[in-house]
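[1] Give me coordinates for this.
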Amino acid sequence: MIERWGILSFIKRKTLLTIAKIVFPILILLIISYEAKGLFKDFNWNLIDIYLDRLSLQRIIMIFMIGLIALIPMFFYDVVLFQLFKSRARKIQFIFYSLSANAFSNLVGFGGVAGATLRSIFYRKYAPDTVPVIRIIAKISLFYLTGLSILSWQVAFSDMHVYAEIKFMKFAVWAIAAYTPVLLILFSFRKRFWSLENLQKGFIAELITISIFEWLFVGICIWGIAHLLSVAVPFSIIFPIVIISACAGIISLIPGGIGSFDLVFLIGMETHGIPAELSLLIIMFYRLSYYIFPVLLSTPFVIYQMVGRRNQS
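    Numbers count the residues shown, from 1 in each chain. Model (predicted):
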């Protein structure tokens, strides 16, 4: 009877967790949408066509190149992994391993589960049998948000107009800003976390630095796209908006922050006098160049690896 009750209790908890994962993102998105209800009141869809017509093929190619370049810092997560495994891969193969894992991780989201799954498949053959590959990859993934957390401190104390437009946004920024300090405090008290022979505390600073550059490059990517669309916004203005938008995207738990990131970005840009039509174009090209294009590039490689793995087994 007790065992049966325990199983029922577990099922109920799992069901409630599943419901919460669905309801919470929808709730966050509804709140942001409500706050942004006036944003699309005077929205002119014809202007988007006009802006697109002015865009040359050369600039479109440059936008997609910027999206790929923005992924460069994420390659160093894989460099750290190979240092931990004390192994090496051919350069071209390593590039596609990393590109595939990072591209799918960005697009699918869910705490980097997609990227972790691909890395465990790709890298298992490079690690000695004694190395717990999945555990190491999972622990490294905890550092993906540390850079955003540290960069959030620069906007946590600011008095930006976007906070007035979306009331709860400051709490979201503070929650993300607290992530790195809480993570480091917890790990300082949990020495067993570092009990793995291949994972040492010396890698903490390295992983945090990689994460900082990862989020800096996201800001540079969006700023570069804005300039290629002839939106002359200083980096000092657009970067804090990107950070706040990213915090909204993370808190919403929606893969890639789709919807929540975009709406907060549109509101933030509007507070600086940028037309919503142009901001929407910036977001559209950011999504295409940073999320979709890398996935399209790496998908043939992933399929090839999966088919090869299946044939071997």
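
[2] Name the nearest residue to the residue nearest the centre of the chain, sequence neighbours excluded.
    By Cα atoms, centre = their mean, the chain has its centre lying nearest to residue 106, at 5.1 Å. In space, and not counting its chain neighbours, residue 106 is closest to residue 291: 5.6 Å by Cβ to Cβ, 6 or more residues apart in numbering. Every residue, glycine included, has its C-beta placed from N, CA and C.

[3] Is it correct that that neighbour is in contact with residue 105?
    No: counting by Cβ atoms under 8 Å, residue 291 stays clear of residue 105, with 10.5 Å between them.

[4] who has more neighbours, these two?
    residue 105 (24 against 19; other Cβ atoms under 10 Å).

[5] Can you check the pLDDT for the more buried one?
    As predicted, residue 105 sits at a pLDDT of 86.

[6] quick one: contacts for it?
    By Cβ atoms under 8 Å, 6 or more residues apart in numbering, residue 105 lies in contact with 112-116, 118.

[7] thinking again about what came up before, pretty sure the residue nearest to the centre of the chain contacts residue 293?
    No: Residue 106 is beyond contact range of residue 293, at 11.0 Å (criterion: Cβ under 8 Å).

[8] how far away is residue 61 from residue 67?
    Relative to residue 67, residue 61 is positioned 11 Å away (Cβ to Cβ, to the nearest Å).

[9] So those two - more neighbours on which side?
    Between residue 61 and residue 67, residue 67 has the larger neighbour count (other Cβ under 10 Å), namely 23 against 10.

[10] Was I right to think that one contacts residue 295?
    No: at 11.0 Å, residue 67 does not count as touching residue 295 under the criterion of Cβ under 8 Å.

[11] any low-confidence regions in this structure?
    1-43, 109-112, 159-167, 190-202, 255-257, 309, 311-313 (pLDDT under 70).

[12] Could you count how many residues lie near residue 57?
    Using other Cβ under 10 Å, residue 57 has 7 other residues around it.

[13] which residues does it contact?
    Counted by Cβ under 8 Å, 6+ apart, residue 57 has zero contacts.

[14] how much space is there between it and residue 64?
    Per Cβ to Cβ, residue 57 is found 11 Å from residue 64.

[15] got it, and residue 242?
    As judged by Cβ to Cβ, residue 242 and residue 64 stand 19 Å apart.

[16] Next: residue 169.
    Distance, residue 169 to residue 64, using Cβ to Cβ: 31 Å.

[17] Let me know whether residue 282 touches residue 226 as I believe.
    Yes: the pair residue 282 and residue 226 qualifies as a contact (Cβ under 8 Å) at a distance of 5.2 Å.
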